[in-house]
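**Student:** A structural model of the following input is requested.
(one chain, ligands or ions: 1)
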Amino acid sequence: MAMIFCRECGYKHSDKAKACPKCGYSAEATLSSKVNKLTNGKSMVVYLLLAWFLGIFGGHKFYVGKNGQAIAMLLMGTIGWLLILPGIAVCIWALVDFIVGICNIPTPEKVLAK
Ligand SMILES: [Zn+2]
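**Tutor:** Numbering: from 1, shown residues only. Next up is the predicted model:
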């Protein structure tokens, strides 16, 4: 049985314990709750799916509450196609958001590094 130090309060306890007996801090629970969450508590998976399928209509922007950008994308993705260029631009915009989103998925390593 190995002894580990609590990341929160520094109390030394068994690594078999799910949570720190002193402060109740659980590395596992904290980790799983942080992974797959955007900073505002939205699901990263939903965000990416919306960016991929409804990106040109601003679906993912509406999801995270960026309504200004969402409406801009919606206009570009609909009537923007009449002018062709805004339609193409919003496709690129949505694709960039998707790629940036994938790059920002919080991995266990990143979460623990904080
Ligand atoms: Zn503790």
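
**Student:** May I see the buried residues of stretch 82-101?
**Tutor:** Using 16 or more other Cβ atoms under 10 Å as the test for burial, stretch 82-101 gives 86, 87, 89, 90, 91, 93, 94, 97, 98, 101. Placement of C-beta: from N, CA and C, glycine included.

**Student:** I'd like to know which of those is nearest to the ion.
**Tutor:** residue 101 (33.7 Å; Cβ to the ion).

**Student:** doesn't residue 42 make contact with that closest one?
**Tutor:** No. Residue 101 is beyond contact range of residue 42, at 11.0 Å (criterion: Cβ atoms under 8 Å).

**Student:** which residues are in contact with the helix or strand hosting residue 100?
**Tutor:** Element membership of residue 100 [criterion: DSSP states H and E] is helix 85-103. Contacts to helix 85-103, defined as Cβ atoms under 8 Å, 6 or more residues apart in numbering, come from residues 44, 47-48, 51-52, 55-56, 60-61, 73, 75-77, 80-81.
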